[in-house]
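**Student:** Here's a sequence, model it:
(chains A and B)
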Amino acid sequence: MTPAIQVREVHKSFGAVQALRNVSLEVAQGEFFALLGPNGAGKTTLINILAGLARADSGKVMVTGFDVTTQYRDARRALGVVPQELVFDPFFTVRETLTIQSGYFGIKHNRDWIEEIIHHLDLGDKADTNMRALSGGMKRRVLVAQALVHKPPVIVLDEPTAGVDVELRQELWQFIRKLNADGHTIVLTTHYLEEAEAQCSRIAMLKQGKIVALDTTKHLLESFSGRQVKLRLSPDYLPENLQSLLLLRTDSSYTLTLTDFSDLERVMSRLREAGIVVQEMELLQPDLEEVFVQIMSKH
Amino acid sequence: MRGFSTLFCKELLRFWKVSFQTLLAPMLTAMLYLLIFSHVLEEHIKVFESVSYTAFLVPGLAMMSVLQNAFANSSSSLIQSKITGNIIFVLLPPLSHWEFFLAYMLAAIVRGLLVGLGVFVVTLWFVTVPVKFPLWMLLFAILGSGILGVMGIIAGIWADKFDQLAAFQNFIIIPLTFLSGVFYSIHSLPQFWQIASHFNPFFYMIDGFRYGFFGISDVAPDVSLAVVAGCFMALSLFTLWLLKIGYKLRY
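**Tutor:** Numbering: from 1, shown residues only, chains lettered A, B, ... in the order given. The predicted structure follows:
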């Protein structure tokens, strides 16, 4: 099956700044993919190249098999982009905005789909309100609606939940998950790593324009993050031969790093030998934030 | 074509929604010019033997309004979209550079013609102006507003802030308009400025447009038409090239 997105050896510079350096990746159709990285890593530049808002200095970028420069019409029809900034046209209402956007994509009779999007994104009450009069959250919903107006198979969301309240965030994720379940490929960038961990099956991490990690979320969590166990001990003392595993000491607990869960047996036996009783034990799950920090510090 | 027609209609809607500012205000301005200039100068200036100064002034004022508003339409739409960021709504869809160009230029022509027509209608209150060759008049109005619409696209794309756009307008468009014979015949100028006027394409637009009314002009209308059409073609090709390479739009 043709990949939803193919990026091959892409380079992009702005003057002396190398925004992207030999970036290659593929996103399969139907995937929920995250593009992560610190500010200035090149995420938005990569998205802009996908969307035709920027042009790569070299390399090839394709959306559903269509080259974004030579077959830009097909490539853009296949792509819906939710931009990072809350941009809007102050001259028009929500419904007018969506009808106009639909027309730009050459779609003539799109009223039913527009009404459906308005309904799904809970914009019904505001459909005839001027864009200027909407709250930030509502404007964000309209941006999502605009990206969907031409039913693109690939949807790119550039920090969709930045500055969004908890309620809307949950609604947005629910809607985006539904789109993914319906077969849309989702690519997102976010600084909320717990969201990427919860939603995405595969992740690429960028740093200074280079891909420094590209793997499934599961594999990244397993391979980059050590297992941890949190213990409350009586007496409150950690034997000398376990000090090397100590990651964090709080008033009442010790957090130890294990290379594997089989290490747990060794810890228990050493505690027993020292006459220490485990009063409370908690196995800590590795999280993406920790993986992210480790990867970024390595490169 | 659907993409083009949507962008064109959106551009028309944009100025229609603020028509007080985009249509009525320039008509009022032109009326004030006519009121003051005709009152002060009617008895002192005679440009053509058979034409009163007030009547002479009407085509010039109408064309000046056509040109300035055509420029304002495309330039202000683009700079506002760039600064607010909503330009991406027309950059993300599969619109070609031709569709982009035609939509902005034709919307500018429509606004220019509407304002020109409005100015002409309100000036009827002061003076009745004959229209001897309406097709010549229309041709120069369309080509003139087309040129300024295209210049508006160039300025809107080039400018990064309102200040730069204002500089383009105040230091290029307005001087070229005012020094083109809106208020006078170039034959009333000293020799140097007469020659200089022949290098100003705006002069040919206004002179040819005025020919459509009175059948009299400083330069033969077919010469003016050739100059104006040549400028239109050259500027259009340049702008299409800018749009094709994505100058200041696609980085």
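**Student:** C-alpha only now, for contacts and for neighbours.
**Tutor:** Fine.
**Student:** what does the stretch 151-251 of chain B put close to chain A?
**Tutor:** When proximity is defined as CA under 8 Å from any CA of the partner chain, the stretch 151-251 of chain B approaches chain A at B:249, B:250, B:251.
**Student:** wait, what's in contact with the last one?
**Tutor:** Which is residue B:251. Counting by CA atoms under 8 Å, 6 or more residues apart in numbering or on different chains, residue B:251 touches A:53, A:54, A:55.
**Student:** Save those as TSV, and put in pLDDT, secondary structure and neighbour count too.
**Tutor:** Shown next, in TSV, are those (pLDDT from 0 to 100; DSSP: H, G, I helix; E, B strand; the rest coil; neighbours: other CA atoms under 10 Å in any protein chain shown):
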residue	pLDDT	secondary structure	neighbour count
A:53	94	coil	17
A:54	94	coil	18
A:55	94	coil	24
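**Student:** Count the residues that sit near residue A:264.
**Tutor:** 17 (other CA atoms under 10 Å in any protein chain shown).
**Student:** wait, what's in contact with it?
**Tutor:** With CA under 8 Å, 6+ apart, residue A:264 has these contacts: residue A:258.
**Student:** Could you tell me how far it is located from residue A:246?
**Tutor:** From residue A:264 over to residue A:246 the distance is 13 Å, taken as CA to CA, to the nearest Å.
**Student:** Buried residues of the one helix or strand in chain B whose mean pLDDT sits lowest, list them for me.
**Tutor:** Every helix and strand of chain B was ranked by mean pLDDT, DSSP states H and E. The lowest is helix B:25-41, at a mean of 83. Residues B:26, B:27, B:30, B:31, B:33, B:34, B:38 are the ones in helix B:25-41 that count as buried (16 or more other CA atoms under 10 Å in any protein chain shown).
**Student:** Would you mind pulling the contact partners of that helix?
**Tutor:** By CA under 8 Å, 6+ apart, the residues outside helix B:25-41 that reach it are B:53-54, B:57-58, B:61-62, B:65, B:69, B:115, B:118-119, B:122-123.
**Student:** Longest helix in the chain, please.
**Tutor:** Assuming you mean chain A. Taking DSSP state H as the assignment, the helix of chain A that covers the most residues is helix A:166-181.
**Student:** Oops, wrong one, chain B.
**Tutor:** Longest helix in chain B, counting by DSSP H: helix B:53-84.
**Student:** Need the three-state assignment for residue B:3.
**Tutor:** With DSSP: H, G, I helix; E, B strand; the rest coil as the basis, the three-state label of residue B:3 is helix.
**Student:** Contacts only, for it.
**Tutor:** For residue B:3, the contacting residues are A:103, A:104, A:105, A:106, B:94, B:95, B:99, by CA under 8 Å, 6+ apart.
**Student:** nearest to residue A:64, of these?
**Tutor:** Nearest to residue A:64 out of the contacts of residue B:3 is residue B:94 (CA to CA; 15.0 Å).
**Student:** Helices of chain A, residue ranges please.
**Tutor:** Counting by DSSP H, chain A has helices at residues A:43-51, A:72-77, A:94-104, A:111-120, A:136-148, A:166-181, A:193-199, A:217-224, A:263-273, A:288-298.
**Student:** just how off-centre is the second one within its chain?
**Tutor:** On the basis of CA atoms, centre = their mean, to the nearest Å, helix A:72-77 is displaced by 24 Å from the centre of the chain it belongs to.
**Student:** what's the spacing between the residue nearest to the spatial centre of chain B and chain A?
**Tutor:** Geometric centre of chain B, nearest residue: residue B:67, 1.3 Å, by CA atoms, centre = their mean. In this view, residue B:67 and chain A are 24 Å apart by CA to the nearest CA, to the nearest Å.
**Student:** got the contact list for that residue?
**Tutor:** Per CA under 8 Å, 6+ apart, neighbours of residue B:67: B:112, B:144, B:145, B:148.
**Student:** could you redo the last one with a cut-off of 10 Å?
**Tutor:** The neighbours of residue B:67, taking CA atoms under 10 Å, 6 or more residues apart in numbering or on different chains as the test, are B:61, B:108-109, B:111-113, B:115-116, B:141-149, B:173-174, B:177, B:202, B:205-206.
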